[in-house]
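**Q** okay, here's the prediction I keep looking at, along with the sequence it came from:
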Amino acid sequence: MEGIRFMGTARKLALVLLLASGLCSNTVSAAQTQSDAQNKPEQPRPIKRASPIDTIRKHMQRLGYSIDESKSKADMIVSNYADRKKGKVSIAMVYDKRKEVVRFYIYNFGNVNKATDLDALNKYLLLANDAIIIGGFFVDKEGDIGYKYVSAASQLSLGSFEVIYVTMAGAALDRRPEIRKLIETGKIEEGRQDKTS
């Protein structure tokens, strides 16, 4: 009988040891998990990127270009670029969120409906598009002549923005007098014809 009691006691002791070791390992495991969580480096927070319009605004401020706040909107910036000799031009920069592009627009060249020689004007605009470095002239549905360039929003670094902005302003200021003259008279100034051919 004593042997049976001993085996019963041995079983109880084994069961107690088994349960105790299980509880201890769970306690150690829980403590280890808590310790791991405390020592684990924080997950980096996602970087909040500035919108392309905010980036353009910063570029313009760094470069010292003016922003016309009265005409600007949440998805558009209007800027006035001035040249002492050639005059002033307004450039609108519009962000298209769906396509992830920024469109640069310049207007105030005139309207094709007022052209005395529409064929000569169209020929000039086509040749000008071939000659200018970036962008192109277009005619909107109201007949207004514009100049535009489209850039991927992700490609607008400070350097690329400056090149686009200054190149477009220069091309618009160079071409505007010729386009207006063509609208009024159907002819370009003598000596200016070589720019388009």
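**A** Yep, that arrived.

**Q** now the residue nearest to L158 when sequence neighbours are not counted: which helix or strand?
**A** Once flanking residues are discounted, L158 sits nearest to H59: 5.3 Å by Cβ to Cβ, 6 or more residues apart in numbering. The C-beta positions use only the backbone N, C-alpha and C, and glycine is treated the same way. When elements are assigned from DSSP states H and E, H59 belongs to helix 52-63.

**Q** could you check how far that helix is from the centre of its chain?
**A** From the chain centre to the centre of helix 52-63 is a distance of 10 Å (Cα atoms, centre = their mean, to the nearest Å).

**Q** what's the domain layout of the protein?
**A** 1-48, 52-195 (automatic domain parsing).

**Q** could I get these as a markdown table with mean neighbour count and mean pLDDT?
**A** Converted to a markdown table, the domains of the chain look like this (neighbours: other Cβ atoms under 10 Å; pLDDT from 0 to 100):
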| stretch | mean neighbour count | mean pLDDT |
| --- | --- | --- |
| domain 1-48 | 9 | 56 |
| domain 52-195 | 16 | 93 |
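
**Q** strands of this structure, start to end?
**A** 76-83, 87-96, 101-106, 136-139, 145-152 (DSSP state E).

**Q** same list (the ones you listed) but as CSV, adding distance to G170.
**A** CSV is the format used below for those (distance: least, Cβ to Cβ, whole Å):
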stretch, distance to G170
strand 76-83, 8
strand 87-96, 9
strand 101-106, 11
strand 136-139, 14
strand 145-152, 11
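
**Q** for A128, which of the ones you listed is the nearest?
**A** Among the strands of the chain, strand 136-139 comes nearest to A128, with 5.8 Å by Cβ to Cβ.

**Q** for that closest one, packing partners?
**A** helix 118-131, strand 145-152 (3 or more Cβ pairs under 8 Å, 6 or more residues apart in numbering; DSSP states H and E).

**Q** nearest spatial neighbour of the residue most central in space within the chain, chain-adjacent residues omitted?
**A** The residue lying closest to the centre of the chain (Cα atoms, centre = their mean) is A153, at 2.7 Å. Leaving out its chain neighbours, the residue that sits closest to A153 by Cβ to Cβ, 6+ apart is P52, at 4.0 Å.

**Q** ok, the one you found - contacts?
**A** By Cβ atoms under 8 Å, 6 or more residues apart in numbering, P52 lies in contact with Y95, V102, A153, L156.

**Q** quick one on the thing from earlier: P177 is nearest to which of the strands of the chain?
**A** Per Cβ to Cβ, nearest to P177 of the strands of the chain: strand 87-96, 8.8 Å.

**Q** from F109, how far off is K123?
**A** 15 Å (Cβ to Cβ, to the nearest Å).

**Q** could you do R175 as well?
**A** For R175, the distance to F109 (Cβ to Cβ) stands at 7 Å.
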